[in-house]
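Colleague: give me coordinates for this.
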Amino acid sequence: MNKILFPFFALLLLLPIGNSFGEYQTELGDDIFILVQSTVRNSDGTLIVYLESTKFSDLNLPLLESFLDFETSRGNDPVITIDENQFQVIRRVQSQSFDSEGLVASSMLFDNVGEKPLILVRFAHDGYSVVSGDTIESIWTFVRNVS
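Modeller: From the prediction side, this is the model:
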């Protein structure tokens, strides 16, 4: 009986830990909806990994709003209407090439504040291995209400 109870209690102790990292699920209609789509390709262009999420482990909303205000000041981001509400769609692409082997366990969007890079939003995932010559492209889509 004790052998059965121990794993059960160990599982119960681990459950609350999962929520201690502050996860944020975004949905259309929130102040800001966020979707990230990441593709990793090898040096031949073959798809190795595809990840997408609307769930994030870090979100610095004040800095993100400031970043989006700056980005949209360029005037290139469309406004769409859904159910009589107007939404601005902001899409930005990040690309990176790898020159060594490693493990990537998150996709992050940074902005320089002063001279210090700060995380605006982070998508933590199980991770994937990369080798020299691999590339990643992350498409960040932000939708915010402008009605």
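Colleague: going by C-alpha atoms from here, please, whenever you check contacts or count neighbours.
Modeller: Noted.
Colleague: mind checking the SS state of residue 63?
Modeller: Recorded secondary structure, residue 63: helix (DSSP: H, G, I helix; E, B strand; the rest coil).
Colleague: and for the one 3 residues further on?
Modeller: Using three-state DSSP as the criterion, the local structure at residue 66 reads helix.
Colleague: burial of it, as a residue count?
Modeller: Residue 66: 12 surrounding residues under other Cα atoms under 10 Å.
Colleague: who's in contact with it?
Modeller: If a contact means Cα atoms under 8 Å, 6 or more residues apart in numbering, then residue 66 has no contacts.
Colleague: so in that sheet, which strands flank the biggest strand by length in the chain, and in what orientation?
Modeller: The residue-count maximum for a strand in the chain (DSSP state E) belongs to strand 116-130. Using DSSP bridges, strand 116-130 pairs in its sheet with strand 58-59 (antiparallel), strand 102-113 (antiparallel).
Colleague: buried set for it?
Modeller: Neighbour-count burial for strand 116-130 flags 119, 120, 121, 122, 123, 124, 125, 130 (criterion: 16 or more other Cα atoms under 10 Å).
Colleague: gap between residue 52 and residue 101?
Modeller: To residue 101, residue 52 is 23 Å away according to Cα to Cα, to the nearest Å.
Colleague: just after the least confident helix or strand in the chain by mean pLDDT, pick out the following helix or strand.
Modeller: Lowest mean confidence among the helices and strands of the chain (mean pLDDT, DSSP states H and E): helix 2-14, at a mean of 39. Moving toward the C-terminus from helix 2-14, the next helix or strand (DSSP states H and E) is strand 24-25.
Colleague: same for that following strand, what does it pack against?
Modeller: Packing partners of strand 24-25 (3 or more Cα pairs under 8 Å, 6 or more residues apart in numbering; DSSP states H and E): strand 55-56.
Colleague: quick one: low-confidence residue ranges for this protein.
Modeller: Applying pLDDT under 70 to the chain flags the ranges 1-22, 29-30.
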